[in-house]
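Enquirer: Sequence first, then the predicted structure:
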Amino acid sequence: MAKKATKSFILRVDSDTMDAIEKWAADEFRSTNGQLQWIITEALRKARRLPKKKRTTDNSAEDDEPSE
C-alpha cells in the first residue's frame with residue numbers, strides 16, 4: 001500500500017484547547033498529531049467533505065478462501 005503524501009503547517013491553538021487535545025490523545029493512546037489528524041478526518045467524514053475512495057475492481061481470490 002502506498003503511503004499518502006502529507007503536508008506540514010503551523011497551527012495556533014490556545015493552551016486550554018491544546019491541553020484537552022493532549023489529554024484526549026493520551027486517553028486514546030495516540031500522539032497529539034495523530035489525535036488532531038483523527039479529529040479533522042472525523043469532522044470531514046461527518047460533513048461528507050472527504051473525497052470518495054476509489055473501489056478496486058480486482059478482488060483477489062485470496063480474500064474468498066478460508067484461512068487454515
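Expert: Sure, I can see it. Numbering: from 1, shown residues only.
Enquirer: drop to CA atoms for contacts and neighbour counts, all remaining ones
Expert: OK.
Enquirer: where along the chain do the helices fall?
Expert: Secondary structure of the chain (DSSP state H): helices located at 15-27, 32-46.
Enquirer: With mean neighbour count, mean pLDDT and distance to Lys4 added, can I get these in a markdown table?
Expert: Output for the helices of the chain, formatted as a markdown table (neighbours: other Cα atoms under 10 Å; pLDDT from 0 to 100; distance: least, Cα to Cα, whole Å):
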| stretch | mean neighbour count | mean pLDDT | distance to Lys4 |
| --- | --- | --- | --- |
| helix 15-27 | 13 | 98 | 22 |
| helix 32-46 | 14 | 96 | 13 |
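Enquirer: what's the closest of those to Phe9?
Expert: Evaluated over those, closeness to Phe9 peaks at helix 32-46, with 11.7 Å, by Cα to Cα.
Enquirer: Residues contacting that closest one, please?
Expert: Applying Cα atoms under 8 Å, 6 or more residues apart in numbering, the contact partners of helix 32-46 are 21-22, 24-26, 50.
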